[in-house]
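Q: I'll drop the sequence and a predicted model, then ask my questions.
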Amino acid sequence: MPLTTSVPLRVPAPPRVVAVTPGSPGALAGLTVGDEILAIDGVVPRDVLEYRQLIDEADIVLSLRRGGVEFDLTIDKAGALPLGVEVHAALFDQVRTCDNHCEFCFIYQLPKGMRKSLYLKDDDYRLSFLYGNFTTLTRFTEADLERVVTEGLSPLNVSIHTTDPWLRAQMLRNQRGATSLRWLRVLLDHGIAVHGQVVVCPGVNDGDQLDLTLATVLNEYAEIETLCVVPLGVSDFNTESRMRPHTRTEAERVVDLVESWQQTYLAVLGRRLVYAADEYYLMVDRPFPAAETYEGFPMHEDGVGMARAFELEFHGRAQEVNGVRPGFFSWVDGAPPEGYRAPRTDSVVTLRPRRSTRVGGADETPVAILTAPFGERVLAPLIASLSRDDIRLLPVANQFFGGNVGVTGLMVGADISRVLAPEPEGHRYLLPDVCLSGGKFLDGTSPEDLPRAVEIIATDGAALRAALERRPQP
């Protein structure tokens with residue numbers, strides 16, 4: 001199979017100003033929305049990381065383009081004052097695309113007709129640092145290592161999948177997969193924090209192979225921060241004959257292996273290191289591990305400990321959780337240049353549909369929480385603990401992707417519309433923001449297209465509890 005080459009997500013463009021803070025050095029110097037920053041002190045920034053470093057200087061010269069006219073602007077920032085300028089994207093040069101052809105890749109399982117950016121596979125360490133994307137390191141170079149170490153781009157997320165060289169090359173369909181974990185060793189040697197991931201494909205890298213991987217991690221990569229073990233996602237558009245969902249027995253074996261190795265790691269290293277994703281516990285109908293066993297929820301954004309973290313937040317113990325991170329497809333189309341550390345929702349937003357008007361507003365207004373099947377099972381006991389008969393869960397089965405896709409972050413407008421259409425007007429419908437990027441669902445629709453008004457809330461337990469306790473305005 002031929003290898004792909006590096007192609008841009010968009011035509012390479014200089015950083016474009018999208019917001020200027022009033023009263024900031026940038027505003028006082030005359031920067032305006034739409035200005036293109038061609039260079040900073042003569043250096044053309046490659047990405048938002050380099051941009052930040054360049055604008056940190058007290059006195060800077062910006063080479064700008066405004067309305068087709070190029071000119072220089074000198075700015076005295078009076079020391080450490082921030083410039084006060086937000087730019088349009090995280091990367092200004094080419095996205096480093098993935099030249100693997102993994103048979104388990106979810107991007108290959110997308111239906112046709114979605115936004116073009118969703119079909120681009122990245123293997124860019126910068127997006128790993130900014131957004132928590134996973135990199136296989138098959139395209140990592142000495143120059144990349146120098147920049148990661150020099151600029152302290154830590155932590156990074158690395159896709160491991162298996163430590164068997166032959167099997168890793170086979171799974172990635174890339175011969176460099178057999179040797180690219182040498183970069184993992186080098187990153188750890190230089191003090192870079194790394195979180196690892198194993199996507200478990202039944203009959204391929206589970207069972208004895210997973211056992212071998214967990215043993216090799218202890219022997220060769222013990223400094224790794226965490227290793228999350230996640231189940232294979234299979235949509236209706238999967239074309240790979242070997243890729244299939246777990247059986248219950250296979251899922252039970254994964255959970256048993258992970259919990260057994262947790263005890264070994266704990267005895268040897270003083271920490272559990274490896275964690276199974278929440279989906280595994282739902283698949284085998286086992287209680288989620290206690291909150292303290294997640295040791296601070298370091299892999300919360302990868303679906304590890306989300307249920308327990310949500311529970312803590314819901315019950316007013318948010319200080320014990322690192323916070324919600326965006327998940328799959330979080331970096332494309334409108335994700336903030338600051339990366340996953342930036343908030344997705346500032347406050348609750350009520351959006352009125354184009355075909356319907358929200359009515360009601362009395363204290364007894366019924367509330368429905370839109371959630372995916374997995375989310376329904378997590379939320380059910382929390383809602384029951386409130387002993388309120390005015391709150392219900394409204395599960396949204398994922399017919400858009402199909403297969404075993406049942407997570408809230410992949411809900412789309414078409415499925416939500418199907419569920420909302422027969423629902424009564426005047427009720428409050430709460431929608432978690434994790435299924436939105438740049439105000440759009442993955443199918444390109446927006447909340448305004450829904451047949452009922454929805455209230456968009458941050459995807460964490462505290463935000464949900466606050467929304468449930470807040471009385472709607474008429």
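A: Yes, it's here.

Q: Do you know the pLDDT at Arg354?
A: As predicted, Arg354 sits at a pLDDT of 42.

Q: just Leu3 next, same as before
A: If you check Leu3, the pLDDT there is 35.

Q: Next: Ile60.
A: We have a pLDDT of 91 for Ile60.

Q: Compute the distance from the centre of the helix or strand harbouring it to the centre of its chain.
A: Assigned by DSSP states H and E, Ile60 belongs to strand 59-66. When distances are taken as CA atoms, centre = their mean, to the nearest Å, strand 59-66 is centred 33 Å away from the chain's centroid.

Q: other SSEs contacting that strand?
A: strand 36-40, strand 69-76 (3 or more CB pairs under 8 Å, 6 or more residues apart in numbering; DSSP states H and E). Any C-beta I mention is one placed from the backbone N, CA and C, and that applies to glycine too.

Q: List the buried residues for the last one?
A: Applying a neighbour-count criterion of 16 or more other CB atoms under 10 Å, one finds Leu73, Ile75 buried in strand 69-76.

Q: got it, and stretch 171-186?
A: Buried residues in stretch 171-186, counted by 16+ other CB under 10 Å: Met171, Leu172, Asn174, Arg176, Gly177, Ala178, Ser180, Leu181, Trp183, Leu184, Val186.

Q: quick one: contacts for the fifth one?
A: Meaning Gly177. Asn100, Thr136, Thr138, Pro165, Arg168, Ala169, Gln170, Met171 (CB atoms under 8 Å, 6 or more residues apart in numbering).

Q: Buried ones among those residues?
A: Among the contacts of Gly177, those buried by neighbour count (16+ other CB under 10 Å) are Asn100, Thr136, Thr138, Arg168, Ala169, Gln170, Met171.

Q: now for the helices and strands packed on strand 59-66, which one comes closest to Val194?
A: Nearest of the helices and strands packed on strand 59-66 to Val194, taken as CB to CB: strand 36-40 at 30.6 Å.

Q: I'd like the next helix or strand past the helix or strand of the chain with the lowest mean pLDDT.
A: Sorting the helices and strands of the chain by mean pLDDT, DSSP states H and E puts strand 349-351 at the bottom, at a mean of 53. Using DSSP H and E, the helix or strand that follows strand 349-351 in sequence is strand 367-371.

Q: Pull out the buried positions in the next helix-or-strand element following that following strand.
A: Next in sequence after strand 367-371, counting helices and strands by DSSP H and E, comes helix 373-384. Buried positions in helix 373-384, judged by neighbour count with 16+ other CB under 10 Å: Pro373, Phe374, Gly375, Glu376, Arg377, Val378, Leu379, Leu382, Ile383.

Q: Looking at the contacts of Gly177, which one is closest to Gly84?
A: Of all the contacts of Gly177, Thr136 has the smallest distance to Gly84: 37.6 Å, by CB to CB.

Q: Identify the residues contacting the closest one.
A: By CB under 8 Å, 6+ apart, the contact set of Thr136 is Cys98, Asn100, Asp123, Val158, Ser159, Leu172, Asn174, Gly177, Ser180.

Q: shouldn't the third one be in contact with Thr138?
A: Yes - in this structure Asp123 lies within contact range of Thr138 using CB atoms under 8 Å: 6.6 Å.

Q: how close does the nearest residue to Val274 once chain neighbours are set aside sit to Met171?
A: Leaving out its chain neighbours, the residue that sits closest to Val274 by CB to CB, 6 or more residues apart in numbering is Leu227, at 4.5 Å. Computed as CB to CB, to the nearest Å, the Leu227 to Met171 distance reads 16 Å.

Q: Also Arg286?
A: Applying CB to CB, the value for Arg286 to Met171 is 27 Å.

Q: do Asn205 as well
A: Between Asn205 and Met171 the computed distance is 7 Å (CB to CB).

Q: Next, show the common contact partners of these two.
A: Common contact partners of Asn205 and Met171 (CB under 8 Å, 6+ apart): His161, Thr162.

Q: Relative to Cys105, which of the helices and strands packed on strand 59-66 is closest?
A: Once these are compared by CB to CB, strand 36-40 is nearest, at 34.7 Å.

Q: picking up where we left off before, now the helices and strands packed on strand 59-66 in JSON lines, with mean pLDDT and distance to Glu311?
A: As requested, those are exported to JSON lines (pLDDT from 0 to 100; distance: least, CB to CB, whole Å):
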{"stretch": "strand 36-40", "mean pLDDT": "94", "distance to Glu311": "45"}
{"stretch": "strand 69-76", "mean pLDDT": "92", "distance to Glu311": "48"}
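
Q: you'd agree Phe401 is up against Leu118?
A: No - look at Phe401 against Leu118 with CB under 8 Å: they stay out of range, at 11.9 Å.

Q: Looking at the two, which is more packed in?
A: Phe401 (24 against 15; other CB atoms under 10 Å).

Q: Per-residue pLDDT of Phe401, please?
A: 94.

Q: which ones are touching it?
A: Here Phe401 is in contact with Gln109, Leu110, Pro111, Ser235, Asp236, Phe237, Leu410, Val412 (criterion: CB under 8 Å, 6+ apart).

Q: quick one: which of those is nearest to Glu252?
A: Nearest to Glu252 among these: Ser235, at 23.8 Å, using CB to CB.

Q: and the gap between that closest one and Leu442?
A: Going from Ser235 to Leu442 by CB to CB gives 12 Å.

Q: Looking at these two, which is more packed in?
A: Comparing Ser235 with Leu442 by other CB under 10 Å, the one with more neighbours is Leu442, at 25 against 19.

Q: Now the more buried one. Its backbone dihedrals?
A: Per-residue torsions, Leu442: phi -60, psi -20 (degrees, to the nearest 10).

Q: What score does the nearest residue to it once chain neighbours are set aside have for pLDDT?
A: Closest residue to Leu442 apart from its sequence neighbours, by CB to CB, 6+ apart: Val412 at 5.1 Å. pLDDT for Val412: 94.

Q: Who are the contact partners of the residue lying closest to Asp76 once chain neighbours are set aside?
A: Once flanking residues are discounted, Asp76 sits nearest to Asp59: 5.4 Å by CB to CB, 6+ apart. Shown in contact with Asp59 (CB under 8 Å, 6+ apart): Thr74, Ile75, Asp76, Lys77.

Q: what about the helices in this protein?
A: 25-29, 48-55, 125-131, 142-151, 165-172, 181-189, 207-220, 248-269, 278-283, 306-314, 373-384, 413-420, 461-469 (DSSP state H).

Q: winner for burial among the ones you listed?
A: helix 125-131 (a mean of 25; mean count of other CB atoms under 10 Å).

Q: Off-centre distance for it?
A: 11 Å.

Q: what's it packed up against?
A: Using 3+ CB pairs under 8 Å, 6+ apart, helix 125-131 sits against helix 48-55, strand 134-135, helix 142-151, strand 156-159.

Q: give me phi/psi at Pro289?
A: Main-chain dihedrals, Pro289, degrees, to the nearest 10: phi -60, psi 160.

Q: Which residue is the nearest non-sequential neighbour of it?
A: Arg308 (7.2 Å).

Q: Check the one you found and give its pLDDT.
A: 93.

Q: what bridges to the residue nearest to Pro298 when sequence neighbours are not counted?
A: Nearest non-adjacent residue to Pro298, counting by CB to CB, 6+ apart: Thr226, 5.1 Å away. In this entry, Thr226 is beta-bridged to His195, by DSSP bridges.
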